[in-house]
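Engineer: give me coordinates for this.
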Amino acid sequence: MPKRQRGRHDFIYGLNPVLETLRGRRSHSRLLVRNERKDDRRVSSVIDVAERLGVPVSFVEKQALDSRTDGGNHQGVVLETGPFQYTELDEIIESSRGRPILVLDHVQDPQNLATLIRTAAAVDVAGVLIQSDRSAQVTPAVVRSSAGLVEQTPVARENNTRRALDTLKERGYWAIALESTDDALNIFTADLPAPIALVVGSEERGIAANVLKACDVVVSLPMPGQVESLNAAVAGSVALFELVRRSETWNHSTE
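Structural biologist: Sure thing, here's the model as predicted:
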């Protein structure tokens, strides 16, 4: 079951983030809608979803929304809701059906976290693992940057990445590190086992040494151009789409 937190609430704003959050796993308090936007077609669709879910709807002036979003582009809707509901790693594994799991080793930039989760949702990973400390967490800013897709993606938190990898490997997953090392294999040509737990490291330090040691295979992206490295979000996203391409082969081989 999701790990529930008490004692605080979030303000999620913007049409897509609010819509996805309404459909997610949180406990919602109320939807605030700008009076002048209530007849707008897209706003009305958000109101309809809230009402079907039994979420109270309040029509307010623009200033009431501005004050809750620090002047952000709320598009006339703000959802007052409970904290993000993290999922247990065991639950992700049990529901994975062999799909990849994305393991982020202390990714600290919220924008990178949002991009990686959005890509993970696009390629239908089983879930994402982050750390509970020294790592970006799922905040309202991450929800907005992911266009709300983080609300539809199981995200687990663990204190120890190495221990989490051990759990994944015990359950049949292969730990594949995305890291530029001297012995790294070309991700596009390497023979990779499945199912895969893809490990992506932090922006500055990459994958921690003890975590890298626990990985079964190290791969990297070939870069014949003048760029030495890509940031975590770009590299991780390219690698995830490579796993999608491979999945077609893996699926055909088991038919």
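Engineer: what's the domain layout of the protein?
Structural biologist: Following automatic domain parsing, one gets these domains for the chain: 10-81, 89-254.
Engineer: the last one - what's its average pLDDT?
Structural biologist: If I follow you right, that is domain 89-254. Average pLDDT, domain 89-254: 89.
Engineer: with the first one instead?
Structural biologist: The average pLDDT within domain 10-81 is 88.
Engineer: mind checking the end-to-end distance for that domain?
Structural biologist: 5 Å (Cα to Cα, to the nearest Å).
Engineer: chain center to that domain: distance?
Structural biologist: How far domain 10-81 lies from its chain's middle: 22 Å, per Cα atoms, centre = their mean, to the nearest Å.
Engineer: could you do stretch 106-126 as well?
Structural biologist: Per Cα atoms, centre = their mean, the centroid offset for stretch 106-126 relative to its chain is 4 Å.
Engineer: stretch 201-217 now?
Structural biologist: So, by Cα atoms, centre = their mean, the centroid of stretch 201-217 is 19 Å from its chain's centroid.
Engineer: including mean neighbour count, could the domains of the chain go into JSON lines?
Structural biologist: Just so you know, the C-beta spots here come from the backbone N, C-alpha and C atoms, and that holds for glycine as well. Formatted as JSON lines, the domains of the chain follow (neighbours: other Cβ atoms under 10 Å):
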{"stretch": "domain 10-81", "mean neighbour count": "17"}
{"stretch": "domain 89-254", "mean neighbour count": "18"}
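Engineer: ok, residue 43 touching residue 35?
Structural biologist: No: Residue 43 is not in contact with residue 35 according to Cβ atoms under 8 Å; the separation is 10.7 Å.
Engineer: wait, residue 180 sits on residue 220?
Structural biologist: Yes: between residue 180 and residue 220 a contact is recorded at 4.7 Å, counting by Cβ under 8 Å.
Engineer: identify the contacts common to the two.
Structural biologist: Common contact partners of residue 180 and residue 220 (Cβ atoms under 8 Å, 6 or more residues apart in numbering): none.
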